[in-house]
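> Here is a sequence with its predicted model. Questions after.
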Amino acid sequence: MNKKKLVIFPFNGNGIEALDCIDFDEYELIGFIDDNPFKKVSCYPLFSRDILLKYGELYVLAVPGNSLTFRDRKEVILSLNVDRFVTIIHPRSSIGRNVSIGHNCLIMAGVVLTSNVKLGNHVCVLPNSVLHHDVSIGNYTLIGSNVVIAGGTAIGESCYVGSGTNIINGVSIGDSTLIGLGSNITKTVVEGSKMVGNPARNLNISSVQ
């Protein structure tokens, strides 16, 4: 069987951890793409975006973004101007019944997606997070490690959910929201919020009325 030739963009923490998730019987990893040519990469070559123009058969896993840059993920991924994205799912994750996963998603080890979970496109879920029944995750959202999202919760587009977060059932999280590490979300969150603490409060809303 001919393996699919794969590149990962960029060379960052998500990209490095993606190496543990790839089925190397299916994919041949050509290397990483990064806009910084001076990054130190061991084991694999580092390319500029030009490789995407030179070799049209390449598949791409694009996993940019962190707690500081997550709102730019959509623009950065679209700027690659490619349509040969792959979704990578670690073999030691658990995918339940009627789960829907979009393209260019990365599901890491120990992740549990139970019945009827829906992930949009360009979603990353880091290790050991649990998404319960009927949870939906919008496009371009990043879910950290050891996150628990209770049933029926909807998280919007271009959000960042920090590691160790717990989110109560049946709430909604508005687009472009940042949830800090270890926060407990107990109510619906409006778009563009910055939530921290237990119970979480919105730092974008002044405490002085």
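Structure's in. What do you need?
> okay, now the domains of this protein?
4-78, 88-196 (automatic domain parsing).
> you'd agree E75 is in a strand?
No: read with DSSP: H, G, I helix; E, B strand; the rest coil, E75 is helix and lies in no strand.
> most packed of the domains of the chain?
domain 88-196 (a mean of 20; mean count of other C-beta atoms under 10 Å). The C-beta positions use only the backbone N, C-alpha and C, and glycine is treated the same way.
> What does the residue nearest to the spatial centre of the chain show for phi and psi?
Geometric centre of the chain, nearest residue: C124, 1.7 Å, by C-alpha atoms, centre = their mean. Per-residue torsions, C124: phi -110, psi 130 (degrees, to the nearest 10).
> wait, doesn't it sit right on L106?
Yes: in terms of C-beta atoms under 8 Å, C124 counts as a neighbour of L106; the distance is 4.7 Å.
> contacting residues for R84?
By C-beta atoms under 8 Å, 6 or more residues apart in numbering, the contact set of R84 is 57-60.
> ok, back up a step: next, the contact list for the residue nearest to the centre of the chain, please.
Counted by C-beta under 8 Å, 6+ apart, C124 has contacts 14, 63, 65, 105-106, 108, 141-143.
> In contact with the closest residue to F9 other than its chain neighbours, which residues?
Nearest non-adjacent residue to F9, counting by C-beta to C-beta, 6 or more residues apart in numbering: I33, 4.2 Å away. By C-beta under 8 Å, 6+ apart, the contact set of I33 is 7-11, 46-49, 51-52, 60.
> can we see that at 6 Å?
7, 9, 47, 49 (C-beta atoms under 6 Å, 6 or more residues apart in numbering).
> how distant is the host helix or strand of the first one from the center of its chain?
Under the criterion of DSSP states H and E, V7 resides in strand 4-9. Average the C-alpha atoms of strand 4-9, do the same for its chain, and the two points are 17 Å apart (C-alpha atoms, centre = their mean, to the nearest Å).
> All good on my end, thank you.
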